[in-house]
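Asks: dropping the sequence and predicted coords here.
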Amino acid sequence: MLRYLTLRVAQSVALLFGILVLTFVMVRVTGDPVALMLGRQATQEQRAEFRALYGFDRPLSEQFFTYLGRVLRGDLDRSFSLGAPNAELIGQRLPATLELALTALFLALAAAIPLGLLSGMRPNSPIDLLARGISLVGQSVPAYWLAMVLILVFAVQLRLLPSFGRDGIQSLILPASALALGQAGQLVRLIRSTVLEVQQESYIRTAHAKGLSPRAISLTHILPNVAVPLVSVVGVDFTYLLGGSVYIETVFAWPGLGSLLNNAINGSDFPLVQAITLVIALFVIVVNLLTDLLYRAVDPRIRYT
């Protein structure tokens with residue numbers, strides 16, 4: 001176990017370093033921050049002062065090692081468009097993104113688990129047709145299109161829910177629902193296929209022969225077998241919701257990391273883009289590591305070597 005954890009931590013550090021290098025290089029090929037921030041009307045003296053102030057007049061290698069040193073000290077630099085420390089900006093926006101992602105994941109699981117179980121246990125029934133329809137729609141409809149439809153129906157026409165901002169539970173319903181549908185479709189399909197496969201096993205037929213009720217068979221035999229692939233997919237889905245909420249947060253004007261990242265990219269705010277990408281990557285790596293460790297809890301047959 002200790003050897004496995006050490007190996008995974010080393011892999012995570014290497015991956016994080018690779019993401020840091022890749023982000024550092026990619027944000028600098030998107031355009032000149034001096035031209036974007038100061039505009040054409042800026043004088044040569046103003047341009048030179050701006051480059052010297054933020055270190056853009058130095059070689060790329062020196063800029064990178066300066067940034068790497070700051071990251072190792074826990075300093076995520078400052079945003080040159082907002083003029084505030086990046087760590088402070090991220091700290092202000094991170095709770096909103098986590099709230100949105102966790103709510104969307106909860107909604108997806110609350111819908112997918114019962115639908116997937118009933119669909120797998122009663123194939124070709126009306127509930128199975130409904131579950132497969134939801135799965136198809138969820139995996140086919142783009143989340144940003146669904147977001148606009150939800151705004152049009154529930155905010156514009158029915159006037160039941162707000163269409164932007166973060167002000168209580170009501171403002172959370174539409175963006176979380178737009179994010180949750182795609183994940184629910186994927187989870188329904190996974191659970192249904194797992195249940196259909198498990199029902200062909202000999203121990204399920206034995207349980208039926210013993211006279212166990214369908215509910216008892218579901219709780220004691222089917223659910224534990226569904227849990228292992230479900231844990232894997234849920235971990236991936238949560239990281240996707242963290243990173244994939246950029247467009248949803250933009251559509252609903254949700255004050256999270258996604259909208260902050262979108263503004264930083266549009267403004268070529270290199271330090272802020274790098275800081276947000278690094279924080280999201282760190283969350284993804286930690287969640288994936290915790291997901292691997294949860295395998296042992298849901299399936300005692302798994303051994304770490």
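Replies: Arrived safely, thanks for sending.
Asks: nearest spatial neighbour of Thr97, skipping sequence neighbours?
Replies: Gly256 (3.6 Å; Cβ to Cβ, 6 or more residues apart in numbering). All C-beta spots, glycine's among them, are computed from the backbone N, C-alpha and C.
Asks: now Ala131
Replies: Per Cβ to Cβ, 6+ apart, closest to Ala131 is Ser119, 3.6 Å.
Asks: what do you get for Ala48?
Replies: Using Cβ to Cβ, 6+ apart, the closest residue to Ala48 is Asp57 (7.5 Å).
Asks: element containing that neighbour?
Replies: Using DSSP states H and E, Asp57 falls within no helix or strand.
Asks: on that earlier part again, next SSE downstream of the host helix or strand of the residue nearest to Ala131?
Replies: Using DSSP H and E, Ser119 sits in helix 86-121. Next in sequence after helix 86-121, counting helices and strands by DSSP H and E, comes helix 126-140.
Asks: contacting residues around that next one?
Replies: Applying Cβ atoms under 8 Å, 6 or more residues apart in numbering, the contact partners of helix 126-140 are 111, 115-116, 118-119, 122, 181-186, 188-189, 192.
Asks: restricted to buried residues, select those in PyMOL.
Replies: This is how PyMOL selects the buried members of the contacts of helix 126-140, with burial counted by 16 or more other Cβ atoms under 10 Å:
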select buried, resi 111+115+116+118+119+181+182+183+184+185+186+188+189+192
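Asks: from the contacts of helix 126-140, which single one is nearest Pro85?
Replies: Gln183 (33.3 Å; Cβ to Cβ).
Asks: distance of the residue lying closest to the closest one once chain neighbours are set aside relative to Phe238?
Replies: Excluding its sequence neighbours, the residue lying closest to Gln183 (Cβ to Cβ, 6+ apart) is Ala108, at 3.9 Å. Ala108 sits 10 Å away from Phe238, going by Cβ to Cβ, to the nearest Å.
Asks: rewinding a little: surely the residue nearest to Ala48 and Glu49 touch.
Replies: No. Under the criterion of Cβ atoms under 8 Å, Asp57 is not in contact with Glu49, lying 10.0 Å apart.
Asks: what number of residues lie near the residue nearest to Ala48?
Replies: 15 (other Cβ atoms under 10 Å).
Asks: one more: the one 3 residues further on?
Replies: The burial metric for Leu60, expressed as a neighbour count using other Cβ under 10 Å, is 11.
Asks: now swap in the one 3 residues further on and tell me
Replies: For Gln63, the tally of surrounding residues (other Cβ under 10 Å) stands at 17.
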